[in-house]
Every structure is written in structure tokens, then in C-alpha cells.
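>>> Okay, sequence plus prediction incoming.
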Amino acid sequence: MADKKTTKATSKKAVEVKTLDQLKEEAVKLQNDHRESRRSHQMGELVNPHVLTVQRKSIARALTAVRSAELAAAKEEN
């Protein structure tokens, strides 16, 4: 008999709506955390350096969200 493939139904997470100020604060917080992680990595204290890559990507996502919110706000004004 052939094995049956089981597939999991993937569900998307609910997206929390944030204001532009909240998005900017989150981006700054992520940048500060990344700065601290880089500093601890240079001193040899960081156990998992893969965290740096994850943090960089999170910062990029946050800045992209900030930019899209700014563009949406500018579009509403016109």
C-alpha cells in the first residue's frame, strides 16, 4: 500500500493594526536590541550568533511597515 501524505492546514496569524508612531517605536527598539547583541557578540558573550541575522531581518520588516504606513498616510492626504 502507498503511504498517504498528510498535509497540515496552514492558517495565517491575525495581523495587529499599529499606528505609525508604534511602528517607529518598534523599529527603534529592534535596532537597539540588535546593537546590544552585536556588542555582546564582539565581546564573545553571545551564545547564538544566528540571532543577529534574525534581528536584521526583523528590523527590515519593521522599516518596510513604517514606509508603507507613511505612503498610505500621504496617499490619504491627496
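Arrived safely, thanks for sending.

>>> what are the ranges of the helices in the chain?
20-42, 50-77 (DSSP state H).

>>> Verify the stated contact: residue 18 with residue 26.
Yes: counting by Cβ atoms under 8 Å, residue 26 is a contact partner of residue 18 at 7.4 Å. Using the backbone N, CA and C atoms, a C-beta is placed for each residue, glycine as well.

>>> who's more crowded, the two?
residue 26 (18 against 15; other Cβ atoms under 10 Å).

>>> which residues touch the closest residue to that one other than its chain neighbours?
Leaving aside its sequence neighbours, residue 26 sits nearest to residue 62 (Cβ to Cβ, 6 or more residues apart in numbering; 5.4 Å). Neighbouring residues of residue 62 by Cβ atoms under 8 Å, 6 or more residues apart in numbering: 23, 26-27, 30.

>>> circling back to that earlier point, format the helices of the chain as a markdown table; extra columns: distance to residue 11 and mean pLDDT.
Formatted as a markdown table, these follow (distance: least, Cβ to Cβ, whole Å; pLDDT from 0 to 100):
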| stretch | distance to residue 11 | mean pLDDT |
| --- | --- | --- |
| helix 20-42 | 24 | 96 |
| helix 50-77 | 20 | 95 |
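
>>> Closest to the centroid, which residue in this structure?
residue 58 (2.7 Å; Cα atoms, centre = their mean).

>>> Just the closest of the contacts of residue 62 to residue 78, please.
Closest approach between the contacts of residue 62 and residue 78, by Cβ to Cβ: residue 23, at 21.1 Å.

>>> Now for that closest one: which residues touch it?
62, 65-66, 69.

>>> any chance of those residues in JSON lines, plus distance to residue 46?
As requested, those are exported to JSON lines (distance: Cβ to Cβ, whole Å):
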{"residue": "62", "distance to residue 46": "21"}
{"residue": "65", "distance to residue 46": "27"}
{"residue": "66", "distance to residue 46": "27"}
{"residue": "69", "distance to residue 46": "32"}
